Every structure is written in structure tokens, then in C-alpha cells.
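>>> could you look at this predicted model? Sequence included:
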Amino acid sequence: MELALRLQQLPPYHFAEYGRKIAEKRAAGVDVISFSMGDPDLPTPPEVLDALDTAAREQANQRYPEYAGMPEFRAATAAWFVRRFGVELDPAREVLPLIGSKEGLAHLPLAVMNEGDVALMPDPQYPVYPTAVALAGGICHYLPLDEEHGWLPDFAAIPADVLARTKTLWLNHPNNPTGACAPLAFFEEAVRFARAHDILLVHDMAYAEVTFDGYKPQSILEVPGAKEVAVEFHSLSKAYNMAGFRIGMLVGNAGIVEGMTRLKSNLDTGIFRPIQIAAMRALALPDEWLAARNAIYQRRRDRLIAACHGIGLEAQTPQAGLYLWARIPAGQTSAQFTLDLLDRTGIALTPGTNFGAGGEGYVRITLTVPDDRIDEAVARMATAVAHS
Ligand SMILES: Cc1ncc(COP(=O)(O)O)c(C=O)c1O
């Protein structure tokens, strides 16, 4: 039986493909150290697990959950938003719990885009965005990001005929894969631009709470009037080491939240209540918990940057996120570089091109590898340099 054309037209999910290559190496006996997935290796806080356990034992929580999330979780999200960003949200109209932010990002175009509508898409980008746009029949117009412009898109370079057909603009700061953090002035410009051209701003803030050197990223909803044109995606996955729980939130424009609620109530039946209760516990954790966890990632960041320089990778120092974005030596492609490194050392990095053509010349390195494996990787890199 043939699969649907809409599925056949999709590019392969590179992480699944690359995962297969790593699995082949492992099957051949290679002790692969993988720096390729942004999957937190640190444990979920015990208070959160206790909340999950207690809630799971309550029979009322074992039944179908609410389509639009527990009112208590919506209220907890709104309270967290005030505490964290100083922005008021109406929990009933401006907050929607998600089965992980990927689920919401993937469904959003179905709720807002018609066949042939254009999505302005950063390149490189989290690969789910263009796939979701394609599944909804939309067309991507790519906005190149580069080092010279601080990895921020240039709205002035978008042709007028493209703008006339544009429905959504996708932004993601702190950014995966580049690590770029946007100042509020950039969000102000984006909101002005979206208002002027009647475009929905889709801001993905999955890395809001993984930050270094005292940096605190700001929400796009801090811009006055942003709710008229913007929604923002948040996630507990990276923030609280809860990737396996599958929980995130959509916040912002009430009309879009209503549309997504309507779409999702036809596709899924909410989120297991104990997971929402555990997420409420996580959102109430003190800042000290985040600071201690982020200090671990920051130490890894600094060690890996030093090790990268040893093998000819120019890694920049990100202020947030789970990744180093490193330039490879001239004259090689990202794919060649990563395959060669995997063959020579058993170290797996992600080629920048997994995030779009704009990632050529770069590799992405995750900070989600335990310290003893980082030690081993650093030693292997040193040996590889000594023998090259
Ligand atoms: C930029 C970005 N957005 C969203 C997600 C999805 O996160 P989740 O579905 O776990 O909330 C990821 C995961 O890697 C990501 O890198």
C-alpha cells in the first residue's frame, strides 16, 4: 500500500537517520559517545516525581483528562509567566497545555495556514517547523541566519510579493541550533513587522530556562501589544529535565489559542492529569534549583569549547540552550566532517545541515552528555589530533 503523497514529500527526519548510523556503529562494537540529541541526561527533580506518583494513585486522575488542560495547570502557567516574565495571561483564554511543545508546533500550521500561504522560516531551524508547514500545505520562504548578523533574520530583505502571501513568521530564541539569544529590541522590531503585514508571530521558547552566566531570556510577550500578533511555545522538557513526560504550553493570542484548542480537541484527549500536576510542581521550583542545574551545563559548555578548539572547531560561547554551534575547518562539508569524526573517534556530532542548508559549515554539539563521557570524548579528541 502506497503512503500518502503528503508523507512521501516530507524529507527524512535527519535525527532518526543519523540515529540509525550511530546504532550501526554500536552494533559493530564501537563505543559511540553521542553529542547529537538535546535530550537532558540529568534527573527529574524528586519533588516532581513524588507529585506524579501521588497523583497517579488517585482514581479520579486515571480517567480521561480535560481537552484543554486542567484549569489548575493553566493557572499555574499564568502565575509562572508573571513571576518569570512580568506578563499577565488569562488562564482560560491565553494558555493551552500541550503534549510537549513539538506537538503544538507541529499542529499550529493546520490551525492557521491555508494551502499556498507562506511561512517565513529561519535557516537553519528546528526541523519540525518546515515539516509542519508542508503538512498543512504551506510554503516556506527561508530567512538566512548568519554569524555576521548575530544569527538574527533580516526582515527588510523579504520581497514584497512574498510578504503579501505570508501568514506566519517563526522565531526561536534562545535558538536551536545556533544558540542565538534575541534582545527585546529585536522582538519589538518583529512585533512591529508582524503588525504592519498582518502576520502571526510564532515564537518557540523551549530553552527559556537553560541559561548561563546569569543571562535571563525575555519573552516576546513582554513587548507591549504582542498578544495581538504573537503566540509563544514553552516546554518543561529542557527546563526541568522532563523530556519524557511530554508536556509544554502554548500562550498568547486568544484567537489562536482557541483555534488550537478546537483542533486538538478533535485530535487528542488532553494530557494525563498526573503529568500536569507534576509540571505544576516543577514550575513552582525555586530559582536556586535552576541555577544549580544550569551550572552543570555551563561547566560542560566551557570544557567542550576548549576541547573543540583542539580539533579545529570554532565554537562560540552560547548564553543559553543545550548546544554549541561550531564552525568546521574550511574545505569540508558538515556531513563529511561528522562522518569522519565518527569513524576516527566514535564521537557523534550533528551536521549543521540537519537544520537546513543554512547550517552548512557548522556542527552542533549537545551539552547533555555526563561528565565522565565528556572526559572520555576530550581524551579521544586529543588522541585524534595527535595522530592526524
Ligand atoms: C527549538 C525546539 N523547540 C521545541 C522542541 C520540542 O520540545 P518538547 O516537544 O520536548 O517540548 C525542541 C526539542 O528539541 C527544540 O529544540
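Received it, and whenever you're ready, just let me know what you need. Numbering: from 1, shown residues only.
>>> surely residue 133 meets residue 112?
No - in terms of CB atoms under 8 Å, residue 133 does not count as a neighbour of residue 112; the distance is 10.3 Å. All C-beta atoms are positioned from the backbone trio N, CA, C, and that covers glycine.
>>> right, is the helix or strand harbouring residue 131 up against the ligand?
For residue 131, the enclosing helix or strand under DSSP states H and E is helix 128-135. No - applying CB under 6 Å from any ligand atom, one finds helix 128-135 separated from the ligand by no less than 6.9 Å.
>>> try stretch 277-295
No - for a cut-off given as CB under 6 Å from any ligand atom, stretch 277-295 has no contacts with the ligand; the smallest distance is 11.2 Å.
>>> about what we covered before: for residue 133 and residue 112, list the residues in contact with both.
Both residue 133 and residue 112 are contacted by residue 168, under the criterion CB atoms under 8 Å, 6 or more residues apart in numbering.
>>> care to break the protein down by domain?
Taking automatic domain parsing as the domain assignment, the record places the domains of the chain at 5-43+288-386, 46-286.
>>> ok, of the ones you listed, where does mean pLDDT dip lowest?
Looking over these, mean pLDDT reaches its minimum on domain 5-43+288-386, with a mean of 91.
>>> now do the helices in the stretch 201-350 of the chain.
If you assign secondary structure with DSSP state H, counting those that start in this stretch, the helices in the stretch 201-350 of the chain sit at 254-267, 273-283, 287-310, 334-345.
>>> excluding chain neighbours, what is closest to residue 376?
Computed as CB to CB, 6 or more residues apart in numbering, the closest residue to residue 376 that is not its neighbour in sequence is residue 33, at 6.2 Å.
>>> would you check how far apart the one you found and residue 347 are?
In this view, residue 33 and residue 347 are 5 Å apart by CB to CB, to the nearest Å.
>>> which of the two has more residues huddled nearby?
Neighbour count, other CB atoms under 10 Å: between residue 33 and residue 347, residue 347 has more, with 24 against 20.
>>> got the contact list for the more buried one?
Here residue 347 is in contact with 32, 33, 35, 341, 377, 380, 381 (criterion: CB under 8 Å, 6+ apart).
>>> closest to residue 232 among those?
Ranked by distance to residue 232 (CB to CB), these are led by residue 35 at 28.3 Å.
>>> isn't the closest one up against residue 378?
No - counting by CB under 8 Å, residue 35 does not reach residue 378; the two are 11.5 Å apart.
>>> the more surrounded of the two?
For residue 35 and residue 378, the more surrounded residue by other CB under 10 Å is residue 35, and the numbers stand at 22 against 18.
>>> how near is that one to the ligand?
Taken as CB to the nearest ligand atom, to the nearest Å, the spacing of residue 35 relative to the ligand amounts to 14 Å.
>>> can you check residue 362 too?
16 Å.
>>> touching, that residue and residue 352? I think so.
Yes - the pair residue 362 / residue 352 is scored as a contact, 3.4 Å apart, by CB under 8 Å.
>>> next one, pLDDT for residue 387 please.
If you check residue 387, the pLDDT there is 64.
>>> report the buried residues of stretch 348-363.
Judged by neighbour count (16 or more other CB atoms under 10 Å), stretch 348-363 contains these buried residues: 348-356, 358-359, 361-363.
>>> and those, which two are the farthest apart?
Across those (CB to CB), the longest gap, 21.6 Å, separates 348 and 358.
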